[in-house]
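**Q** Everything below, folded, please.
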Amino acid sequence: MFPPFSRDSVWWPSRQANWIVKRVGVMLFALPMLVQAQGQRAEQLRIENQEEVQAHTQNPDQDSTHSEPLAVISTGGVTGVYYAAGGALCRVVAKGEAARDQVCKVEPSGGSVFNINALESAESKVNFAIAQADVASNAYKGEQQFQHVGPKPDLRFVMGLYPEVFTLVTQADNPVHALADFAGQRFNLGTAGSGQRKATEEVLHAYGFPKDFFARTYELRADEQGRALCEDRVDGFLYVVGHPAANIQDVSSSCQARLLPLSDHTTAELIAQHPYYTKASIPAGLYAGQDQDIDSMAIWATLLTTASTSDEVVYQLLQGVFDHFDDYRRLHPAFAKLDPQAMAQASPGIPLHPGAARYYRERGWLK
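**A** Here you go, the predicted structure:
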């Protein structure tokens with residue numbers, strides 16, 4: 001659809017030199033604070049990892065009937081929100097009334113597609129998966145990236161985790177104001193098979209851009225694209241993420257990257273056509289230099305399982321989450337404004353698991 005992908009750096013001397021001068025000045029000023037912050041964060045992560053192991057690893061002295069975990073959740077990269085969401089789920093589930101019997105384990109992974117495939121793998125013990133809603137819908141129907149393997153009719157929806165906002169990012173000095181202004185520039189589409197790549201291509205298709213719209217396209221990972229932007233190797237990227245996001249904070253503070261709106265008649269049509277899209281905005285003041293709300297659209301990150309997972313397991317997991325929902329919302333800023341009823345009704349056209357349906361009806365969130 002677009003020009004050949006490249007992971008090669010493109011050197012633009014004048015802009016690169018200006019960026020280096022600015023970056024060195026910022027680094028010299030901020031170095032003591034950065035060192036201190038990195039040390040504190042490393043210690044925090046060390047403690048959290050120890051707690052995670054202690055809280056979610058079965059005691060070998062326990063009865064063997066409790067050796068199987070209630071939930072094994074396939075998430076995403078360890079620096080991403082999917083992994084944090086899985087950890088948050090496990091922490092609150094472990095606080096449930098039957099905490100001694102409820103052991104929850106988080107598995108890092110390659111993301112949405114990998115997670116859905118892991119649910120059906122005979123070699124995997126995963127029984128829950130986090131996936132972007134559009135990817136989940138494609139898997140259930142056997143479309144797009146799942147066309148070669150066919151539909152996955154046993155896939156079941158458990159709950160929406162949080163909305164991921166389409167975040168259009170560019171350099172501070174790039175004179176663009178909307179996605180259409182990136183014509184003839186360098187743009188990162190995301191890695192093949194990723195949720196970011198699928199969402200980006202769907203948006204570009206909706207706008208009807210020709211094959212040669214961009215001068216060059218890249219398939220950088222989410223943890224690579226920010227650095228490429230700051231080093232002037234790409235001019236922009238579209239990233240689907242829960243906010244605030246560490247990698248967006250990094251580029252907004254280190255190279256004054258700007259966020260652009262993604263809200264017009266084209267996105268309105270996308271929202272109307274696909275049940276997994278919704279209107280959204282990135283609140284003002286969330287990132288350095290962002291003094292106003294950024295209008296965009298969002299897609300839910302969802303928790304999935306299969307029809308073979310017992311009703312009681314799904315029910316207990318949801319009970320653990322919502323009995324301690326205030327604790328859950330405090331575990332990550334992206335969860336702060338979550339509404340339980342919206343989470344219960346965020347299915348992207350995938351059947352609701354019976355255990356989830358029972359729980360939501362008891363709480364009055366479903367009729």
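**Q** so Gln225 makes contact with Leu238?
**A** No - between Gln225 and Leu238 there is no contact, the gap being 9.8 Å when judged by CB atoms under 8 Å. (Glycine included, C-beta is placed from N, CA and C.)
**Q** Now list whatever residues contact both of the two.
**A** Listed contacts common to Gln225 and Leu238 are nil; contacts here mean CB atoms under 8 Å, 6 or more residues apart in numbering.
**Q** so where's the stretch 1-150 of the chain uncertain?
**A** Across the stretch 1-150 of the chain, the ranges flagged by pLDDT under 70 are 1-68, 96-102.
**Q** let's see it at 80
**A** Residues of the stretch 1-150 of the chain meeting the criterion pLDDT under 80: 1-69, 79-80, 94-103.
**Q** so where do the helices sit in this protein?
**A** 13-56, 81-93, 112-119, 133-141, 195-207, 222-230, 246-254, 265-273, 311-322, 325-330, 340-344, 354-363 (DSSP state H).
**Q** With Ile282 as the reference, name the closest of those.
**A** Ile282 lies closest to helix 246-254 among the helices of the chain, at 8.8 Å (CB to CB).
**Q** same for that closest one, what does it pack against?
**A** Counting by 3 or more CB pairs under 8 Å, 6 or more residues apart in numbering; DSSP states H and E, the packing neighbours recorded for helix 246-254 are strand 155-170, helix 222-230, strand 236-241, strand 258-260.
**Q** Buried residues, it. List them.
**A** Asn247, Ile248, Gln249, Asp250, Val251, Ser252, Ser254 (16 or more other CB atoms under 10 Å).
**Q** My guess is the fourth one contacts Gly226. True?
**A** Yes - contact between Asp250 and Gly226 holds when scored by CB under 8 Å: they sit 5.6 Å apart.
**Q** Where do the domain boundaries of this structure fall?
**A** Here the domain assignment for the chain is 42-52+66-162+302-363, 165-298, based on automatic domain parsing.
**Q** In JSON lines, list the helices of the chain along with distance to Ala215.
**A** Converted to JSON lines, these look like this (distance: least, CB to CB, whole Å):
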{"stretch": "helix 13-56", "distance to Ala215": "15"}
{"stretch": "helix 81-93", "distance to Ala215": "31"}
{"stretch": "helix 112-119", "distance to Ala215": "29"}
{"stretch": "helix 133-141", "distance to Ala215": "27"}
{"stretch": "helix 195-207", "distance to Ala215": "15"}
{"stretch": "helix 222-230", "distance to Ala215": "15"}
{"stretch": "helix 246-254", "distance to Ala215": "21"}
{"stretch": "helix 265-273", "distance to Ala215": "22"}
{"stretch": "helix 311-322", "distance to Ala215": "46"}
{"stretch": "helix 325-330", "distance to Ala215": "43"}
{"stretch": "helix 340-344", "distance to Ala215": "40"}
{"stretch": "helix 354-363", "distance to Ala215": "47"}
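**Q** I'd like to know which of those is closest to Gln185.
**A** Judging the helices of the chain by CB to CB, what sits closest to Gln185 is helix 222-230, at 11.6 Å.
**Q** residue contacts, Val78?
**A** By CB under 8 Å, 6+ apart, the neighbours of Val78 are Pro108.
**Q** Kindly report the same for Arg329.
**A** Going by CB under 8 Å, 6+ apart, the list of residues near Arg329 reads Phe335, Ala336, Lys337, Leu338.
**Q** List the buried residues in stretch 116-128.
**A** Ile116, Asn117, Ala118, Leu119, Glu120, Val126, Asn127, Phe128.
**Q** Roughly how far does the fourth one sit from Ala131?
**A** Put plainly, it is Leu119. 9 Å (CB to CB, to the nearest Å).
**Q** Next: the first one.
**A** As for Ile116, its distance to Ala131 is 5 Å (criterion: CB to CB).
**Q** ditto for the third one
**A** Using CB to CB, one gets 10 Å for the distance from Ala118 to Ala131.
**Q** Nearest to the middle of this structure, which residue? Look it up for me.
**A** Centroid check for the chain by CA atoms, centre = their mean gives Val241 as the closest residue, at 4.7 Å.
**Q** Looking at it now. What's its pLDDT?
**A** With respect to pLDDT, Val241 has a value of 89.
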